[in-house]
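Next come a sequence and a model predicted from it.
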Amino acid sequence: MISRRNILMSTLFGTGYIGLRALATGLPASFLLNPRKAFADNPTPACGMSDKAQYIILHTSGQGDPINASVPGTYTDSQIAHSLDPSMAPTSLTLSGRQYTAAAPWATLPQNVLDRTCFFHLMTSTPVHPKEPDVLKLMGATAQSEMLPSILAKQLAPCLGTLQTQPITVGATTPSEALSYSGGALPIIPALALRATLTNPTGALTTLQPLRDQTLAQIYDLYKNGASPAQKAYIDSLVTSQSQVRGIKQNLLDSLSSIKDNSPASQVTAALALIQMKVTPVVAIHIPFGGDNHHDAGLANETAQTVSGVATIASLLSQLQTIDLADQVTFMSLNVFGRTLGPSNTDGRQHNENHQVSIAIGKPFRGGVIGGIAPFANDYGALAIDSKSGAGGPGGDIAAPNSLAAFGKTMLAAVGTDAPVISSMISAGTVITAALS
């Protein structure tokens, strides 16, 4: 147990637990790794992007959940099968001043959240569960077969000053949901493992105050004799006070101690803790939304998990408000495929390679519906998308097979990535400007 705990600590906080020192002092890990060089170079954050940088909480699933059966954009055709449960009744909601219809749970999101919630009707081109890694690689559209969360993390880490660039997954339920970084597999860190490592009586968070004092003492002589007035002012603006450290420690301990399992709610708690500790720019979780529901009488499981899934998202967004991170964190989802929508789907749904819905909620987004659906191949499929208006239909400049890549490009643009970088990282599709605030 000690060995595994040490391995996990090194994974989270780096050699010498430099990340804990950064958390304890408020100073960037890059500065603490080599303060002498940092003073010589002028210690300022290294970021080539704008101030749009966001932490990302990514819901990804290899189950092929029926999210696409309950969202705005799928209530325009009376032939589409929806759950008839009263808790899923078609309900009007407003996205940035425009009215849509969706299943009732989505209408429970606060209006200020809906105004930054964007629903993307996409085509992943696969009906195969184990192809989830390929979908995360945008089905061959990314340079060197890099996963989208990895690309996002590489762009965001320098701006956010996170300890590590690699994403972390706390919620993978199958091997296909595990993430990779530059082609290498990344470990899965369940919520319970994070709690056990950080909240035990001799755990990392209990040492923050002495670690702060020790670290500041180590750099004091260099600060006193080797820093210019401007550099000292920069360092002073970052250093965390003793009282702040006590607050950070207690808040994180209270939050992590509440984890009792690896449920979606616990995954959200773990993800928020990792972001508050500035460990990584991207955390992946798994929220059940109906699963692989080939046989689901009356769509009962789809109903129950849609209600609970939206409630989990709502809780996440509420917690972000509480900890004052609502404008710094974006929630996004990407599913391996969607489900069939035709009128025969009353006892479960089949795989749909032609339609999947991804969701983005955050400050960079304008509330709305991107794309749409139409009858296709004995069921329904995603339409082409007009990148400027977001409308779905014939004549859109983004063909349905390129909509997945366009989604990836749009996510990168949303967090401030420069256009030439986006084009070099993703070969197909176009940024959907209509989705951006």
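Yes, it's here. What you see is a predicted model; the values in this text were computed from it and never measured.

Can you tell me who the closest residue to residue 70 other than its chain neighbours pairs with across the strands?
Once flanking residues are discounted, residue 70 sits nearest to residue 103: 3.7 Å by CB to CB, 6 or more residues apart in numbering. Using the backbone N, CA and C atoms, a C-beta is placed for each residue, glycine as well. Applying DSSP bridges to residue 103 gives these bridge partners: residue 90.

per-residue confidence for residue 103?
Listed pLDDT for residue 103 reads 98.

from memory it sits against residue 306, does it?
Yes - using CB atoms under 8 Å, residue 103 is in contact with residue 306, at 6.3 Å.

residues shared between the contacts of these two?
Residues touching both residue 103 and residue 306 (CB atoms under 8 Å, 6 or more residues apart in numbering): 70, 83, 88.

just the helices in the stretch 151-300 of the chain please.
Using DSSP state H, counting those that start in this stretch, the helices of the stretch 151-300 of the chain run over 191-199, 208-226, 229-238, 242-257, 264-276, 300-322.

out of those helices, which comes closest to residue 131?
Smallest distance to residue 131 across the helices of the stretch 151-300 of the chain (CB to CB): 21.8 Å, for helix 300-322.

Check which residues of that closest one are buried.
Within helix 300-322, the residues that count as buried by 16 or more other CB atoms under 10 Å are 301-314, 316-317, 319-320.

who touches stretch 212-231?
The contact list for stretch 212-231 (CB under 8 Å, 6+ apart) reads 21, 24-25, 27, 32, 35-36, 39, 42-43, 232, 235, 239-240, 242, 245.

so how far is the first residue of stretch 179-189 from its last?
Terminal residues of stretch 179-189 are spaced 11 Å apart (CA to CA, to the nearest Å).

Let me know the average pLDDT across that stretch.
Averaged across stretch 179-189, the pLDDT comes to 91.

Could you give me the buried positions within it?
Those would be 179-181, 186, 188-189, for stretch 179-189 by 16+ other CB under 10 Å.

Then stretch 419-429?
Buried-residue list, stretch 419-429, by 16+ other CB under 10 Å: 421-422, 425-426, 428-429.

among these, which are in helices?
Among the buried residues of stretch 419-429, the ones falling in helices (DSSP state H) are 421-422, 425.

okay, the residues you listed in CSV with distance to residue 336 and pLDDT next?
What follows is those, written out as CSV (distance: CB to CB, whole Å; pLDDT from 0 to 100):
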residue, distance to residue 336, pLDDT
421, 26, 95
422, 23, 97
425, 21, 97
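
Which single one of these is nearest to residue 76?
Proximity of those to residue 76 (CB to CB) peaks at residue 422, which lies at 31.3 Å.

what helix or strand is residue 93 on?
Using DSSP states H and E, residue 93 sits within strand 90-95.

Verify the stated contact: residue 131 with residue 336.
Yes - in this structure residue 131 lies within contact range of residue 336 using CB under 8 Å: 5.9 Å.

Name the residues contacting each of those two.
What both residue 131 and residue 336 touch, as defined by CB under 8 Å, 6+ apart, is the set 124, 176.

more neighbours, the two?
Under the criterion of other CB atoms under 10 Å, the comparison of residue 131 against residue 336 puts residue 336 first, with 27 against 20.

Quick check, that one in contact with residue 135.
Yes - using CB under 8 Å, residue 336 is in contact with residue 135, at 5.1 Å.

Spell out which residues are contacts of both of the two.
124, 126.

I'd say residue 59 and residue 330 touch.
No - with contact defined as CB under 8 Å, residue 59 does not count as touching residue 330 (11.5 Å).

Looking at the two, which one has more neighbours?
Higher neighbour count among residue 59 and residue 330: residue 59, with 26 against 22, using other CB under 10 Å.

Please identify the helix or strand for that one.
Per DSSP H and E: strand 55-61 holds residue 59.

burial of the residue nearest to residue 18 when sequence neighbours are not counted, as a residue count?
Sequence neighbours aside, residue 29 is the residue nearest to residue 18 in space, at 5.1 Å (criterion: CB to CB, 6+ apart). Residues lying near residue 29 (other CB under 10 Å) number 21.

next one: residue 222
13.

quick one: it and residue 215, what's the gap?
Distance, residue 222 to residue 215, by CB to CB, to the nearest Å: 12 Å.

what ranges do the strands span in the stretch 1-150 of the chain?
Along the stretch 1-150 of the chain, counting by DSSP state E, counting those that start in this stretch, strands occupy 55-61, 90-95, 98-103, 117-122.

Of all the ones you listed, which one is nearest residue 400?
Of all these, strand 117-122 sits nearest to residue 400, with 8.0 Å by CB to CB.

Sheet partners, orientation included, of the closest one?
When sheet partners are counted by DSSP bridges, strand 117-122 sits next to strand 356-361 (antiparallel), strand 368-370 (parallel).

export these to CSV and tack on distance to residue 157 and mean pLDDT?
Putting these into CSV (distance: least, CB to CB, whole Å; pLDDT from 0 to 100) gives the following:
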stretch, distance to residue 157, mean pLDDT
strand 356-361, 20, 98
strand 368-370, 27, 98
